[in-house]
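**Student:** Any chance you can model this:
(2 chains)
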Amino acid sequence: MSEVLPLSVRSLTVQRGGKPLLNVPDWQLQRGESVALIGPNGAGKSLLLRALTGLLDNGVEQAVSWAGQTPGPAVMSRCGVVMQQPLMLRRSVEANLYFALERALAGDALKAQAAQALHAAELADKAAQSARVLSGGERMRLAVARALALSPDCLLLDEPTASLDHSSARNVEALVSGACASGATLLLITHDLALARRLCSRTVLMHRGEIIADAATDTFFDSPPNSQAEAFVRGEYLE
Amino acid sequence: MHSFSEAFAEAASLLLSFDPALLEIVSLSLRVSLLAVLIAALIGLPLGALLAIGRFPGRNLLTIVVNTAMGLPPVVVGLVAYLLLSRAGALGPLELLYTPTAMVIAQTVLVMPIIAGLSRQSFVELHSEYREQLQLFGLSTRAQLKVLIWDARYALVTALLAGFGRATAEVGAVLMVGGNINHYTRVMTTTIAMETSKGNLAVALGLGMVLLLIAFAVNALVHSVRVRAERAAYV
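**Tutor:** Here you go, the predicted model:
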């Protein structure tokens, strides 16, 4: 199986109605890194994630290279992606997990792995329920468990703890932290700066579609690399 | 002519006594319609999926054609099938005119667009919801299709039942290509039309009751499929 990392972005631009929404001339994500992507609402974080995962049309995918490959089925099958509003298939909770696992496992091994994943996501007692009636926190836990099911090389998460209660957020953090400890590369979009500091070794700040700061997390928060990063860490609006 | 109440009582007695002639007609009707729905499903479901998910030139035109064909008048279908199957027609050498096979062909033509059109709509709705997530799972188009078929299963069953309802109720097409031949191509709808014209209301009413019962059963099934899907939050 070929590698999907490092991830490189070159000359990535997205415009809508003549207005630039994303402009990333050069950016990399190395294997084994855990990177927090932060920035104000509308900065272009989710749009960047959509570009990285091949969800944008118009040739945008040509600017994205996953170890030489454009984002497509071969790459995405090695990535675990959770969007802000994760979609639950019209199936039971455990069937949603089976779906992710059956690409690599079958029979008892599949069931055992699903049971373990449900237990880790604290959803074992809801295995037979429809996934469509889960609460927001439960949905996110299931979505993260589903994304992690096949030990992906790279995890791409868009605000996985937003609107979650404390225990759900802690569970999601534990799942992600465990995946990172096992060697998964992480790109985490979040507004929770404390979470970014706990989980990520590198922090990237976006504003108006551009990456305006990129530094080791400790450096980013203790001695911000520029005035805008400093202002963002202080909780001020960016110019 | 019998009075309506006498005819009704006689019809009920025919039904309750499981009259062999009546059973033969009901049985042929069901066999023809079920086979037509099966064949129509084999063509209509993939066609519905293709129209919903596929990207090819002429897709919009084909969608309009299928939607138009959902309301095909049975007599027109019967006429076209008759022309094709008659001795001078393109399929004349097969000698299928006035056989149950001809009736199956005519009903398939009637039902297939209904199944294709309704399933296309279900696939379109589900695909617009699932598309990005399935892409993020890294699934091929074929694998995505499997997911869509399974998760649209309740809606697809409803489409099949709608097709079956249409097949059992139509009279024009089967009359023209089947010929209403006793013990061979005589089905419920053609018998009702014939017996009514002969003034034999009891048999017509009896078969009418069976038809109504089938329509009721199909609707009850559609309803229970919907309720079951809603209860299980699969909608």
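**Student:** shaky segments in chain A?
**Tutor:** A:1 (pLDDT under 70).
**Student:** name the helices or strands packed onto whichever helix or strand B:Val66 is part of?
**Tutor:** B:Val66 is part of helix B:59-69 when elements are defined by DSSP states H and E. Here helix B:59-69 touches helix B:20-53, helix B:100-136, going by 3 or more CB pairs under 8 Å, 6 or more residues apart in numbering or on different chains; DSSP states H and E. From N, CA and C alone the C-beta is placed, and that goes for glycine too.
**Student:** run the last query once more with 6 Å
**Tutor:** Packing contacts for helix B:59-69, counted by 3 or more CB pairs under 6 Å, 6 or more residues apart in numbering or on different chains; DSSP states H and E, involve helix B:100-136.
**Student:** For chain A, which segments count as strands?
**Tutor:** Counting by DSSP state E, chain A has strands at residues A:7-16, A:19-29, A:34-38, A:64-66, A:79-82, A:154-158, A:185-189, A:202-207, A:210-216.
**Student:** ranking these by burial, who's on top?
**Tutor:** Across the strands of chain A, the average number of neighbours (mean count of other CB atoms under 10 Å in any protein chain shown) peaks for strand A:79-82, which reaches a mean of 26.
**Student:** Just say helix, strand or coil for the residue in chain B that chain A sits nearest to.
**Tutor:** Proximity of chain B to chain A (CB to the nearest CB) peaks at B:Gly138, 3.1 Å away. At B:Gly138, secondary structure determined by DSSP: H, G, I helix; E, B strand; the rest coil is coil.
**Student:** Am I right that it is in contact with A:Arg78?
**Tutor:** No: applying CB atoms under 6 Å as the test, B:Gly138 and A:Arg78 come out as separate, 7.4 Å apart.
**Student:** and the residue of chain B closest to chain A, what pLDDT?
**Tutor:** If you check B:Gly138, the pLDDT there is 88.
**Student:** List the residues that contact it.
**Tutor:** Counting by CB atoms under 6 Å, 6 or more residues apart in numbering or on different chains, B:Gly138 touches A:73, A:76-77.
**Student:** now swap in B:Tyr98 and tell me
**Tutor:** B:Gly179.
**Student:** Likewise for the one 4 residues further on?
**Tutor:** If you count contacts by CB under 6 Å, 6+ apart, B:Ala102 has them with B:85, B:96, B:177.
**Student:** hmm, try it at 8 Å
**Tutor:** B:81, B:85, B:96, B:177-178, B:185 (CB atoms under 8 Å, 6 or more residues apart in numbering or on different chains).
**Student:** Between those residues, which sits nearest B:Asn219?
**Tutor:** The nearest member of the contacts of B:Ala102 to B:Asn219, counting by CB to CB, is B:Gly178 at 25.9 Å.
**Student:** what residue is smack in the middle of chain A?
**Tutor:** In chain A, the centroid-proximal residue (CA atoms, centre = their mean) is A:Leu157; its distance is 1.7 Å.
**Student:** ok, that residue touching A:Pro86?
**Tutor:** No: assessed by CB atoms under 8 Å, A:Leu157 is found out of contact with A:Pro86, at 9.9 Å.
**Student:** In TSV, list the strands of chain A along with distance to A:Phe232.
**Tutor:** TSV is the format used below for the strands of chain A (distance: least, CB to CB, whole Å):
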stretch	distance to A:Phe232
strand A:7-16	21
strand A:19-29	18
strand A:34-38	7
strand A:64-66	26
strand A:79-82	24
strand A:154-158	19
strand A:185-189	14
strand A:202-207	6
strand A:210-216	8
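**Student:** OK, contacts around residue 67?
**Tutor:** Here I'm looking at chain A. A:2-7.
**Student:** not quite, I wanted chain B
**Tutor:** B:113, B:117.
**Student:** Alongside chain A, which residues does chain B contribute?
**Tutor:** Within reach of chain A by CB under 8 Å from any CB of the partner chain, chain B has these residues: B:129-130, B:132-133, B:135-140, B:147, B:151, B:232-235.
**Student:** Going through those, which ones are buried?
**Tutor:** B:130, B:132-133, B:135-139, B:147, B:151, B:232, B:234 (16 or more other CB atoms under 10 Å in any protein chain shown).
**Student:** doesn't A:Cys180 make contact with A:Ser34?
**Tutor:** Yes: between A:Ser34 and A:Cys180 a contact is recorded at 5.2 Å, counting by CB under 8 Å.
**Student:** which helix is the longest one in chain A?
**Tutor:** Secondary structure assigned by DSSP state H gives helix A:166-181 as the longest helix of chain A.
**Student:** ok, residues contacting the lowest-mean-pLDDT helix or strand in chain B?
**Tutor:** Counting by mean pLDDT, DSSP states H and E, chain B has its least confident helix or strand at helix B:4-16, which shows a mean of 83. Here helix B:4-16 makes contact (CB under 8 Å, 6+ apart) with B:2, B:22, B:201-206, B:208-210.
**Student:** For those residues, pick the one with the most neighbours.
**Tutor:** B:Gly206 (27 neighbours; other CB atoms under 10 Å in any protein chain shown).
**Student:** Output those of the contacts of B:Gly138 also counted as contacts of chain B.
**Tutor:** The residues of those that also fall near chain B, by CB under 8 Å from any CB, are A:73, A:76-77.
**Student:** what would the residues you listed look like in JSON lines with neighbour count and distance to A:Gln15?
**Tutor:** Formatted as JSON lines, the ones next to chain B among the contacts of B:Gly138 follow (neighbours: other CB atoms under 10 Å in any protein chain shown; distance: CB to CB, whole Å):
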{"residue": "A:Pro73", "neighbour count": "16", "distance to A:Gln15": "27"}
{"residue": "A:Met76", "neighbour count": "24", "distance to A:Gln15": "25"}
{"residue": "A:Ser77", "neighbour count": "19", "distance to A:Gln15": "30"}
